[in-house]
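Asks: Pasted the sequence and its predicted model underneath.
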Amino acid sequence: MAIIAMVSAKGSPGVTTTALACALSWQRPALLAECDPAGGSVLAGYLSALEIEPMGLLQLAVAELRGTAATEFPNQIIDLDGKQPGRRLLLPGIADPVQAGTVRPTWDRLTAFFAGLEEGEPGHDVIADCGRLSSAATPWPLLQRADLVLLVVAATSLRTISPAMPAATQLRRDLTENGRGTGSLGLVLVGDGPYRSAEIQQRLQLPLIAELPYDKRTAAVLSDGGRLRGNASLLRAAAAAEDTVAQAIARRRAQLNIGQEVRHG
Ligand SMILES: Nc1ncnc2c1ncn2[C@@H]1O[C@H](COP(=O)(O)OP(=O)(O)O)[C@@H](O)[C@H]1O
Ligand SMILES: [Mg+2]
């Protein structure tokens, strides 16, 4: 597959948990890249039992400026799954939002680097946790290049759903003006509430790619560490989302290829 960017809207939490659940449960090798400009969460959360030196996105961005990203990359990632080394990887995010300024000028090149990981041996999908959508700090070059941009929305109430409206509008506008169109956009709903998913997807005008259950116990482990139960509903739903995501990416790539063929006659 490819680059799957996940973003959330103001007041609608769950993007980090969703991205981590996918990275831990997909069949295909995956790299969870913590690209949230507000900072990474996994080192201080799910992996808080480990003592890990500062590493990850910031160091990779600095290496990218020096032209050494490819050689530096293996030093900046952590194995999320000791039983299958190299298959589920984490690129920890920045530790302090001020570091976002150092990373920002490198997003174009970091994105190209992430895209190249698909061709590795084994090839990795990059699941990028891009945090809450904002105008300035969001890693837009990554969103513009991503094969799939998933808006993660907590379906709990009108309060959590309604901020997704302006977020979807902002994504559509940016991808139309600066990216490759809106065909990469999709919706992930987390939990449920008074509105049916069909209703929400229609209101937001985004295709529904996955639905994840409200699973407090598993989410608490993904947020703060502890032992995961293999049959947890959240992990099962995340695993099931892999196929739909793969299909959406295949459709998107076919659409872009047709577009190219038409342009080049
Ligand atoms: N599917 C879920 N079921 C239950 N709780 C969840 C779920 N997803 C997230 N949470 C909880 O919501 C809170 C915020 O989640 P998080 O993923 O860190 O949000 P964000 O990255 O968008 O700020 C955490 O306490 C997390 O455990
Ligand atoms: Mg987060």
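Replies: Received the coordinates, thanks. Note that the coordinates shown come from a computational prediction; the quantities given were computed from them, not determined experimentally. Ligands and ions are numbered 1, 2, ... in the order given.
Asks: So for the residue of the chain found nearest ligand 2, what's the nearest residue that isn't a sequence neighbour?
Replies: In the chain, the residue that lies nearest ligand 2 is T16 (3.2 Å; C-beta to the ion). For every residue, glycine as well, the C-beta is placed using N, CA and C. Spatial nearest neighbour of T16, chain neighbours left out: S41 (4.9 Å); criterion: C-beta to C-beta, 6 or more residues apart in numbering.
Asks: Am I right that the one you found is in contact with G93?
Replies: Yes. Contact criterion C-beta atoms under 8 Å: S41 and G93 qualify, at 7.2 Å.
Asks: Residues in contact with both of the two, list them for me.
Replies: 34, 129 (C-beta atoms under 8 Å, 6 or more residues apart in numbering).
Asks: which helices and strands does the longest helix seen in the chain pack with?
Replies: Scanning the chain for the longest helix, with DSSP state H as the assignment, gives helix 233-263. Contacts defined by 3 or more C-beta pairs under 8 Å, 6 or more residues apart in numbering; DSSP states H and E place helix 233-263 against helix 15-25, strand 148-154, strand 208-212, helix 216-224.
Asks: between it and helix 216-224, how many degrees?
Replies: Orientation check (axes from the mean of the first three to the mean of the last three C-alpha atoms, to 10 degrees): helix 233-263 against helix 216-224 gives 70 degrees.
Asks: Can you give me the buried ones in helix 233-263?
Replies: By 16 or more other C-beta atoms under 10 Å, the buried positions in helix 233-263 come out as 234-238, 241-242, 244-246, 248-249, 252.
Asks: Do the lowest-mean-pLDDT helix or strand in the chain and ligand 1 come into contact?
Replies: Here the helix or strand of the chain ranked lowest by mean pLDDT, DSSP states H and E is helix 233-263, holding a mean of 92. Yes. Counting by C-beta under 6 Å from any ligand atom, ligand 1 has neighbours in helix 233-263: L234.
Asks: Could you check the angle that helix makes with helix 15-25?
Replies: Direction vectors for helix 233-263 and helix 15-25, defined by the same axes, to 10 degrees, enclose an angle of 90 degrees.
Asks: quick one on the thing from earlier: what residues does the residue of the chain closest to ligand 2 make contact with?
Replies: T16 makes contact with 34, 36, 41-42, 45, 129, 131, 222-223, according to C-beta under 8 Å, 6+ apart.
Asks: Name only those of these that count as buried.
Replies: Buried members of the contacts of T16, counted by 16+ other C-beta under 10 Å: 34, 36, 41-42, 45, 129, 131, 222-223.
Asks: V62 and P105 touch, don't they?
Replies: No. Contact criterion C-beta under 8 Å: V62 and P105 do not qualify, at 11.1 Å.
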